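In: Pasting a predicted model and its sequence here:
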Amino acid sequence: MNITSQIKQPIFDEMELFEKKFYESMTSQVALLNRITYYIVNRKGKQMRPMFVFLTAKMVSAGIVNGRTYRGACVIELIHTATLVHDDVVDDSNRRRGFFSLNALWKNKIAVLVGDYLLSKGLLLSIDNGDFDLLRIISVAVREMSEGELLQIEKARRLDITEDIYYEIIRQKTATLIAACCALGARSVIEDEIQVENMRKFGELIGMAFQIKDDLFDYTDEAIGKPTGIDIKEQKMTLPLIYVLNTCTSKEKTWLINSIKNHNKDKKRVKEVIAFVKNNNGLLYAEQKMVEFQQEALLLLDNYPNSEFKDALILMVNYVIERKK
């Protein structure tokens, strides 16, 4: 049994029912929309976010889920899908999870409108059922994700990202949605704000580790057997690079910044930058930080009694930093 199946095992029935509810939550009177949403549903990813919702809910409540939990998981997945659709338009990307992206098949205008539609369906699902507490959690996440993306774009232009700013960018861009999954899972079944905040923090820490792992793939892309340097080509300042910029000599720093600013399309130069970052402990430092976030997250689970849901969450936390793609 692969690791994703192991994590899913204690919530297998919930995930089966979730998939049905998720598809239903996207239905429309417009045939074109239904064709597109059918395409989305049949090319689903690992579904980590709904898994976080159900596992968190069951861990804090000794195995209970309810209608709010399902709606929360659907809203999170609708919003996550909307952001992916919009991201592909922004990045002019033609592939997503090994398949053609929506904008590649139906052009940008339709892809943007579908993203907007999914976002509105998510918000309405909460409003129609009076889940205003869950809607608040999700709305904060959407706002922060947009701010994080824009902060990254602003900083990429000037290449002046400090480690603290980098953490703020990834907290908003990636960690905030996983934090929302965990807070929402807990809030759907209990009212204890301290526990809800505890779970939000847990999700945020996992999200930070998750993003650092993603950034490391740019240098050690085992999934396709060679480093890609995509982040360098896009002038994205990630932790390995930031660490090396802050620890190298001023002459090396000038060369690095010049390489990223003016030679980021030159494959040979990008390879040299990757090698320089590796040789100057950039990857080692980022890996250490990733493990720190992971360990901090695991500590937050200590207060909960042992259960199959807690075990699955621990497995999930370890999977986040051990995954190969």
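Out: That came through fine.
In: Okay, buried residues for the one helix or strand residue 253 maps to please.
Out: Under the criterion of DSSP states H and E, residue 253 resides in helix 250-262. Neighbour-count burial for helix 250-262, counted by 16 or more other CB atoms under 10 Å, picks out 255-256, 259-260. Glycine gets a C-beta too; all of them are placed from N, C-alpha and C.
In: One more: stretch 7-16?
Out: 7-8, 10-11, 14-15.
In: again with stretch 276-290
Out: Those would be 276-278, 280, 282-283, 285-287, 289-290, for stretch 276-290 by 16+ other CB under 10 Å.
In: returning to that earlier point: if we look at the helix holding residue 253, which residues are touching it?
Out: Applying CB atoms under 8 Å, 6 or more residues apart in numbering, the external contacts of helix 250-262 come out as 159, 232, 235, 241, 244-245, 248, 269-270, 272-273, 276.
In: For that helix, what is the distance to the chain centroid?
Out: 30 Å (CA atoms, centre = their mean, to the nearest Å).
In: How about stretch 174-183?
Out: With CA atoms, centre = their mean, you get 8 Å for stretch 174-183.
In: avg pLDDT for it?
Out: Stretch 174-183 shows a mean pLDDT of 95.
In: can you check stretch 18-37 too?
Out: 83.
In: Looking at the buried residues of stretch 276-290, which is nearest residue 39?
Out: The closest of those to residue 39 turns out to be residue 290 (CB to CB; 34.0 Å).
In: for the stretch 51-200 of the chain, what spans make up the strands?
Out: For the stretch 51-200 of the chain, the strands defined by DSSP state E, counting those that start in this stretch occupy 95-96, 99-100.
In: what mean pLDDT does the last one have?
Out: In other words, strand 99-100. Rounded mean pLDDT across strand 99-100 is 62.
In: What of the first one?
Out: Regarding strand 95-96, the rounded mean pLDDT is 58.
In: related to what we said a few turns ago, would you format the buried residues of stretch 7-16 as TSV with secondary structure and distance to residue 308 included?
Out: Shown next, in TSV, are those (DSSP: H, G, I helix; E, B strand; the rest coil; distance: CB to CB, whole Å):
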residue	secondary structure	distance to residue 308
7	helix	11
8	helix	11
10	helix	4
11	helix	9
14	helix	13
15	helix	14
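In: show me where pLDDT drops low in the stretch 151-300 of the chain?
Out: Within the stretch 151-300 of the chain, the stretches with pLDDT under 70 are 221-228.
In: Go again with 90.
Out: 151-162, 214-215, 217-238, 257-271 (pLDDT under 90).
In: the helices in it, which residues?
Out: Counting by DSSP state H, counting those that start in this stretch, one finds helices in the stretch 151-300 of the chain at the ranges 163-170, 176-187, 193-217, 230-233, 239-247, 250-262, 267-279, 282-299.
In: got the CA positions of stretch 65-85 in PDB?
Out: Extracted C-alpha coordinates of stretch 65-85, given in PDB (Å, rounded to 0.1, in the frame of the first residue of the first chain):
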ATOM      1  CA  VAL A  65     -17.500  14.300  11.100                       C
ATOM      2  CA  ASN A  66     -20.700  16.100  10.000                       C
ATOM      3  CA  GLY A  67     -22.200  18.000   7.100                       C
ATOM      4  CA  ARG A  68     -20.100  21.000   7.900                       C
ATOM      5  CA  THR A  69     -17.000  19.000   7.600                       C
ATOM      6  CA  TYR A  70     -17.900  17.900   4.100                       C
ATOM      7  CA  ARG A  71     -18.900  21.400   3.100                       C
ATOM      8  CA  GLY A  72     -15.700  22.800   4.400                       C
ATOM      9  CA  ALA A  73     -13.700  20.200   2.500                       C
ATOM     10  CA  CYS A  74     -15.600  21.000  -0.700                       C
ATOM     11  CA  VAL A  75     -15.100  24.800  -0.300                       C
ATOM     12  CA  ILE A  76     -11.400  24.400   0.300                       C
ATOM     13  CA  GLU A  77     -11.000  22.200  -2.800                       C
ATOM     14  CA  LEU A  78     -13.200  24.500  -4.900                       C
ATOM     15  CA  ILE A  79     -11.000  27.500  -3.900                       C
ATOM     16  CA  HIS A  80      -7.800  25.600  -4.300                       C
ATOM     17  CA  THR A  81      -8.900  24.400  -7.800                       C
ATOM     18  CA  ALA A  82      -9.800  28.000  -8.700                       C
ATOM     19  CA  THR A  83      -6.400  29.300  -7.700                       C
ATOM     20  CA  LEU A  84      -4.700  26.500  -9.700                       C
ATOM     21  CA  VAL A  85      -6.800  27.500 -12.800                       C
END
